[in-house]
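>>> Only the shape, not the letters, is given here:
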């Protein structure tokens with residue numbers, strides 16, 4: 001494919017949480033898998049799916065953090081992350097929270113973009129952010145080289161958080177997502193390149209509706225064909241109940257990062273909770289943001305899932 005039809009880096013994302021420049025030090029291997037989301041859209045769920053496909057449902061050799069690191073995360077020493085990746089002999093997987101226009105794009109890497117209705121993202125994000133321990137806030141803010149303001153503590157009022165999140169960007173080219181980064185613009189950046197053969201779009205609602213079908217679709221995209229006998233174990237390992245039951249093994253860092261540890265991280269795994277929380281007036285803020293940032297087809301898919 002011609003280079004002018006491929007994504008290019010247009011923005012640098014550098015703040016309290018992440019640094020997109022870290023990807024410049026990454027050397028891809030053919031077949032590497034990158035799981036990309038804004039945040040709280042099913043990132044860990046799809047990472048667990050990918051890991052179980054790579055290892056055919058057998059015991060994983062480490063936590064998800066170790067096996068599939070968040071490369072753009074500032075608190076993790078870059079040299080350590082790259083060294084651990086280099087030592088992996090199995091097919092590798094990583095995660096990113098970067099939009100596609102800030103991520104170096106490699107044609108020999110396979111990208112899985114995971115999306116969720118932004119209103120559901122918000123409810124999950126509220127639970128996540130409001131459970132940050134003081135150590136977590138300090139970890140983001142104290143790493144040398146931070147660009148921009150510190151990460152503030154989560155507001156005590158969910159409605160205050162919503163108003164800021166829907167009407168303010170943390171970067172000059174964004175209009176929503178404060179104090180982290182955009183969800184809507186983020187989705188559009190990946191949607192625009194959905195036709196590329198090494199990009200697969202996956203929706204949280206579709207995984208909820210038929211998990212096995214979603215896993216099989218991801219397996220087909222990654223050209224992984226587990227033995228038939230492994231499928232029941234793979235599917236069971238990727239259910240929300242099983243991930244929550246083994247949360248301390250999958251995500252051990254949550255013990256320090258969140259009040260309530262992995263139980264807070266694997267919270268409910270459901271959609272639609274925003275309907276009982278956000279008022280009609282508050283939802284108009286979402287409509288305005290969606291009108292600004294999303295094409296109609298991207299908005300329909302982002303809210304509902306289904307065929308791309």
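Received it, and whenever you're ready, just let me know what you need. For clarity, every value in this text was computed on a predicted model and none was experimentally measured.
>>> Surely residue 286 is within a strand?
No. Applying DSSP: H, G, I helix; E, B strand; the rest coil, one finds residue 286 to be helix, outside a strand.
>>> dump the residue contacts of it.
Counting by C-beta atoms under 8 Å, 6 or more residues apart in numbering, residue 286 makes contact with 118, 119, 166, 278. Bear in mind the C-beta positions are built from the backbone N, C-alpha and C, glycine included.
>>> what pLDDT does it get?
pLDDT for residue 286: 98.
>>> What of residue 65?
Predicted confidence (pLDDT) for residue 65: 86.
>>> Give me the packing partners of the helix or strand where residue 162 lies, helices and strands only.
Element membership for residue 162 (DSSP states H and E) is helix 158-167. Applying 3 or more C-beta pairs under 8 Å, 6 or more residues apart in numbering; DSSP states H and E, one finds that helix 158-167 contacts helix 118-130, helix 280-293.
>>> re the thing from before, which of the contacts of residue 286 are buried?
Buried by 16 or more other C-beta atoms under 10 Å: 118, 119, 166, 278, out of the contacts of residue 286.
>>> I'd like to know how far the first one sits from residue 93.
Remark: distance between residue 118 and residue 93 (C-beta to C-beta, to the nearest Å) = 25 Å.
>>> mind listing what's buried in stretch 198-215?
198-208, 211, 214-215.
>>> out of the residues you listed, who's nearest residue 139?
residue 204 (27.0 Å; C-beta to C-beta).
>>> Contact partners for that closest one?
Counting by C-beta under 8 Å, 6+ apart, residue 204 has contacts 41, 42, 45, 114, 115, 116, 117, 120, 271, 305.
>>> Confidence-wise, which of those comes last?
Within the contacts of residue 204, residue 271 has the lowest pLDDT, namely 73.
>>> On the three-state scheme, it is what?
coil.
>>> Excluding sequence neighbours, find me the nearest residue to it.
Excluding its sequence neighbours, the residue lying closest to residue 271 (C-beta to C-beta, 6 or more residues apart in numbering) is residue 120, at 4.7 Å.
>>> Distance of that neighbour relative to residue 71?
26 Å.
>>> which residues of this structure score low on pLDDT?
By pLDDT under 70, the weakly predicted segments of the chain are 1-4, 246-269.
>>> quick one: contacts for the residue nearest to residue 271?
Counting by C-beta under 8 Å, 6+ apart, residue 120 touches 204, 271, 272, 273, 274.
>>> Relative to residue 77, how far out is it?
Remark: distance between residue 120 and residue 77 (C-beta to C-beta) = 33 Å.
>>> The residue of the chain positioned farthest from its centre: what secondary structure?
Distance from the centre of the chain peaks at residue 229, with 29.9 Å (C-alpha atoms, centre = their mean). On the three-state scheme (three-state DSSP), residue 229 is labelled helix.
>>> Over to residue 201?
Residue 201 ends up strand, using three-state DSSP.
>>> Check the contact between it and residue 111; I expect there is one.
No. Residue 201 lies out of contact with residue 111 (C-beta atoms under 8 Å); the separation is 9.4 Å.
>>> so who does the spatially most central residue of the chain touch?
Centre of the chain computed as the mean C-alpha position; nearest residue by C-alpha atoms, centre = their mean is residue 37, 3.0 Å away. Shown in contact with residue 37 (C-beta under 8 Å, 6+ apart): 43, 46, 95, 97, 113, 114, 115.
>>> Just the ones of those in strands?
Residues of the contacts of residue 37 located in strands (DSSP state E): 95, 113, 114, 115.
>>> Take these and lay them out in CSV including distance to residue 184 and neighbour count.
As requested, these are exported to CSV (distance: C-beta to C-beta, whole Å; neighbours: other C-beta atoms under 10 Å):
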residue, distance to residue 184, neighbour count
95, 20, 25
113, 14, 27
114, 15, 25
115, 10, 27
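>>> any idea how far residue 292 lies from residue 178?
Applying C-beta to C-beta, the value for residue 292 to residue 178 is 14 Å.
>>> if you count what's nearby, which of the two comes out ahead?
More crowded of residue 292 and residue 178, by other C-beta atoms under 10 Å: residue 178, with 19 against 11.
>>> Then the more buried one would be within a strand, right?
No. Looking at residue 178 with three-state DSSP, it is coil, so not inside a strand.
>>> Excluding chain neighbours, what is closest to it?
In space, residue 178 is closest to residue 168, 3.9 Å off (C-beta to C-beta, 6+ apart).
>>> tell me the contacts of the one you found?
Shown in contact with residue 168 (C-beta under 8 Å, 6+ apart): 175, 176, 177, 178.
>>> and if you look at residue 7?
With C-beta under 8 Å, 6+ apart as the criterion, the residues that contact residue 7 are 100, 101, 103, 105, 189, 193.
>>> No further queries at this time; thank you.
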